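> Need the 3D shape of this:
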Amino acid sequence: MQDTDTALRRHLPEQIQLDTLLHQGARHLRVSQVLHVAQGALSLPVTVIEMGSRSPGAPVIGFFAGVHGVERIGTQVILSWLHSLIHRLQWDDQLVRRLERVRLVFMPMVNPAGLWRRTRANPNGVDLMRNAPVQADGKVSFLVGGHRISRHLPWYRGRAGEPMQAEAQALVEVVRDKLLSAPVALSVDCHSGFGRRDRLWCCYARSHQPIDHLAEVFRLKQVFEQTYPHHHPYLIEPQSVNYTTHGDLWDYLYDEARARHPQRLFLPFTLEMGSWLWVRKNPRQMFDFFGYFNPIIDHRQQRVLRQHLPLFEFLLALTANAGNWLPTGERRQALQRDAVRHWFKGTGPAVP
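Predicted coordinates:
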C-alpha cells in the first residue's frame with residue numbers, strides 16, 4: 001500500500017487529491033468507478049461523481065477533464081472547482097438550496113493512464129478525442145485532424161471499424177446515462193494547448209455548418225458578456241472556426257442527442273485554455289514537452305486554478321435557471337440568424 005501511495009504521489013498526485021476530496025465531501029457526493037485502467041501493476045480508476053438533485057427532471061451540468069493525459073491542468077481546474085463546492089456546502093445555505101434543483105456530474109480523469117504516463121493518448125496510443133465514429137465533412141489538417149496511419153504518431157484515431165476505446169466509451173455512457181436523460185444539460189470538457197486566448201468552444205469540430213442550437217450558444221455568449229463585462233475575456237465560438245477534426249466525442253454525443261431526444265437540450269462545450277501565453281511568459285517551458293500544455297511556474301498555475309471558477313459558477317447558474325435565458329419563438333430565430341452572421345459570415349442555414 002505504501003508503494004502504491006508513493007507511486008501515485010509521484011506520477012498521479014491528482015488521484016491523491018481526488019481521494020481526499022471524496023473523503024471530505026462524502027455526505028454530499030455519490031461516487032462510482034465506471035472503469036479501471038491497467039498501468040503496470042496498478043489499476044487506475046475512472047471515477048464519476050454526482051452531487052445535487054436526484055430528480056430525473058432536474059437540469060444537469062457535467063464537468064470533464066483528463067481526456068488528453070498531457071493536459072493535466074484541465075483535471076486540476078476541475079478538482080479546484082470540486083474543492084470549492086465541497087467546502088462551501090459546509091456553510092453556504094444558498095448553494096445547498098440551489099443544488100436541490102440542479103445536478104452536477106464530474107468526470108475529472110477520463111484518461112488516468114495518460115496522465116500517469118504524461119501522454120496525450122491512452123496506453124493503446126489512441127487519441128480519445130479523435131476516436132468517435134464521426135467523419136469530418138471535407139478535408140482536415142494532416143495528422144492534427146485525426147488519422148489512422150500509426151499509433152506511434154499523435155492524433156491517432158484507432159483502426160477503422162474497431163469499437164471505441166474503453167475510456168472513450170466510458171465517457172459516452174456516462175453522458176448518455178446522466179446528461180442526455182435530462183430536459184436541459186450543459187457540459188464543459190477542459191483542455192489546454194491552443195493559442196494565447198482561453199476559448200469556450202461549442203460543436204462542431206467535424207463541420208463548418210452551424211449546429212441546430214447556435215442560437216442558444218449565442219445567447220449564452222451575450223448573457224456572459226453582459227453579466228461579467230470586466231471578467232476574463234473568453235473567446236466563445238464554434239470549434240470549426242479554427243479547425244475541423246474527425247472523431248470528436250462531443251460531436252458524436254450532440255448528434256446522438258439531437259436524433260434520440262430532439263425535445264431536450266444538450267449543449268456540450270470545450271474549455272480550451274490558451275497555453276501559448278504561459279510559454280510566451282516563460283520560454284524555458286519550450287524545453288519540456290509537458291510545458292507546452294501546462295503552466296510550470298507555481299504562481300501562474302495558482303492563477304489558472306482560480307480564474308475559471310467564476311465561469312463554472314456562471315454555467316451552473318445558467319443550468320439551474322434555464323427557463324430564464326433560453327430563447328424561444330421569433331426571438332430564437334432572430335438569434336440564430338445573428339449567430340450565423342457573427343460566426344459564419346452569413347453562410348449556412350439561418351434557422352434550424
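
> Residues in contact with stretch 164-172: which ones?
34-35, 37, 46, 64, 67, 107, 110-111, 122, 124, 126, 128, 131-133, 158, 163, 249, 252-253 (CB atoms under 8 Å, 6 or more residues apart in numbering). For glycine as for every other residue, the C-beta is placed from the backbone atoms N, C-alpha and C.

> what comes up buried for it?
For stretch 164-172, the neighbour count (16 or more other CB atoms under 10 Å) marks M164, Q165, E167, A168, Q169, A170, L171, V172 as buried.

> Of those residues, which is the nearest to E237?
Comparing the buried residues of stretch 164-172 against E237 with CB to CB picks out L171 as the nearest, at 23.2 Å.

> thinking again about what came up before, and the contacts of stretch 164-172, which of them are in helices?
L249, Y252, L253 (DSSP state H).

> where along the stretch 1-150 of the chain do the helices fall?
Counting by DSSP state H, counting those that start in this stretch, the stretch 1-150 of the chain has helices at residues 2-11, 13-24, 73-88, 93-98, 112-117.

> how about JSON lines for those, with mean neighbour count and distance to L271 added?
JSON lines is the format used below for those (neighbours: other CB atoms under 10 Å; distance: least, CB to CB, whole Å):
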{"stretch": "helix 2-11", "mean neighbour count": "12", "distance to L271": "25"}
{"stretch": "helix 13-24", "mean neighbour count": "16", "distance to L271": "17"}
{"stretch": "helix 73-88", "mean neighbour count": "22", "distance to L271": "8"}
{"stretch": "helix 93-98", "mean neighbour count": "12", "distance to L271": "21"}
{"stretch": "helix 112-117", "mean neighbour count": "24", "distance to L271": "17"}
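
> ok, now which ones touch R98?
Taking CB under 8 Å, 6+ apart, one finds L316, A317, A320 in contact with R98.

> can we see that at 7 Å?
Listed by CB atoms under 7 Å, 6 or more residues apart in numbering, the contact partners of R98 are A320.

> Make JSON lines from the buried residues of stretch 164-172 and add secondary structure and pLDDT to it.
Converted to JSON lines, these look like this (DSSP: H, G, I helix; E, B strand; the rest coil; pLDDT from 0 to 100):
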{"residue": "M164", "secondary structure": "coil", "pLDDT": "98"}
{"residue": "Q165", "secondary structure": "coil", "pLDDT": "98"}
{"residue": "E167", "secondary structure": "helix", "pLDDT": "98"}
{"residue": "A168", "secondary structure": "helix", "pLDDT": "98"}
{"residue": "Q169", "secondary structure": "helix", "pLDDT": "98"}
{"residue": "A170", "secondary structure": "helix", "pLDDT": "98"}
{"residue": "L171", "secondary structure": "helix", "pLDDT": "98"}
{"residue": "V172", "secondary structure": "helix", "pLDDT": "98"}
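
> Mind pulling up the pLDDT for P352?
We have a pLDDT of 36 for P352.
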